[in-house]
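Q: I'll drop the sequence and a predicted model, then ask my questions.
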Amino acid sequence: MNDFIHQQGPAFLAHLLRRLADELVQGAKDWYPSVGVDAPPRTISTLLALDEHGPLGVTELAGVLRQSHSLVIVWIRELTRLSLVRSKSDPADGRRTVIVLTPKGRKELVNIRAALTTMAGASAELLGPDSEAALAVLWAIERSLREKPFIERLRQHAAERAATDYGRRR
């Protein structure tokens with residue numbers, strides 16, 4: 001049977017990418033416990049960012065990860081439940097709360113870094129013989145969307161189509 005979404009073409013790029021992301025995340029979720037990683041796959045970048053940048057507020061963390069504030073809050077709740085991070089008052093500004101790694105979170109990072117080596121190899125294999133070029137295309141798409149969001153592209157194409165349709169009716 002043919003894949004319905006494949007038949008829909010480029011209009012369903014987001015659906016295809018979501019499908020791929022879901023498969024990759026589920027595979028990681030099923031595999032991580034076998035290598036001693038308890039953190040959910042989608043939260044790994046949060047732990048790495050806190051390790052690299054130190055304590056961060058939610059807004060700062062969302063900016064570093066380029067994810068929505070609300071999504072980062074969900075991840076922090078999950079990591080807090082697992083005792084991998086905690087909230088504390090910012091020593092420089094007691095009114096502000098920052099997220100910090102716990103000792104358990106720091107130990108988790110050792111296993112995460114080892115797992116990421118395997119993850120990189122499996123991902124490169126999946127991307128094919130020219131994995132660097134394939135990954136470069138994905139990063140170019142992401143960069144292009146930051147420069148000109150998809151909503152602007154949709155509006156532009158809709159206006160162009162409307163102008164073309166108007167010209168045909170005349």
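A: Happy to help now that I have it. Please read all numbers here as calculations on a predicted model, not as lab measurements.

Q: quickly note the distance from the residue nearest to residue 44 when sequence neighbours are not counted to residue 39.
A: Spatial nearest neighbour of residue 44, chain neighbours left out: residue 112 (5.8 Å); criterion: C-beta to C-beta, 6 or more residues apart in numbering. All C-beta atoms are positioned from the backbone trio N, CA, C, and that covers glycine. Per C-beta to C-beta, to the nearest Å, residue 112 is found 7 Å from residue 39.

Q: now do the helix or strand containing the residue nearest to residue 44: distance to the chain's middle.
A: Applying DSSP states H and E as the criterion places residue 112 in helix 103-127. The chain centroid and the centroid of helix 103-127 are separated by 15 Å, computed with C-alpha atoms, centre = their mean, to the nearest Å.

Q: same deal with stretch 20-31?
A: For stretch 20-31 - counting by C-alpha atoms, centre = their mean - the centre lies 13 Å from the chain centre.

Q: now do stretch 121-129
A: For stretch 121-129, the distance to the chain centre is 18 Å (C-alpha atoms, centre = their mean).

Q: what's the neighbour count on the residue nearest to residue 44?
A: By other C-beta atoms under 10 Å, 21 other residues sit near residue 112.

Q: report the contact partners of it.
A: When contacts are counted by C-beta atoms under 8 Å, 6 or more residues apart in numbering, residue 112 touches 37, 39, 44, 47-48.

Q: pLDDT score for it?
A: At residue 112, the model reports a pLDDT of 98.

Q: try the one 4 residues further on
A: The predicted structure scores residue 116 at 97 on the pLDDT scale.

Q: how near is it to residue 59?
A: Residue 116 is 26 Å from residue 59, by C-beta to C-beta.

Q: as a check, name the ranges of all helices in this protein.
A: Listed in chain order, the helices of the chain (DSSP state H) span 4-8, 13-31, 44-53, 58-65, 69-81, 103-127, 131-147, 150-169.

Q: so which of those helices gets nearest residue 92?
A: helix 58-65 (12.9 Å; C-beta to C-beta).

Q: let me know the angle separating that closest one from helix 44-53.
A: 100 degrees (axes from the mean of the first three to the mean of the last three C-alpha atoms, to 10 degrees).

Q: which residues sit against helix 58-65?
A: Contacts of helix 58-65 (C-beta under 8 Å, 6+ apart): 45-46, 49-50, 53, 56, 68-69, 71-73, 76, 97, 99.

Q: give me that answer again for 7 Å
A: The contact list for helix 58-65 (C-beta atoms under 7 Å, 6 or more residues apart in numbering) reads 45-46, 49, 53, 56, 68-69, 72-73, 76, 99.

Q: before we move on, back to that, for residue 123, state which of the contacts of residue 112 is nearest.
A: residue 44 (13.2 Å).
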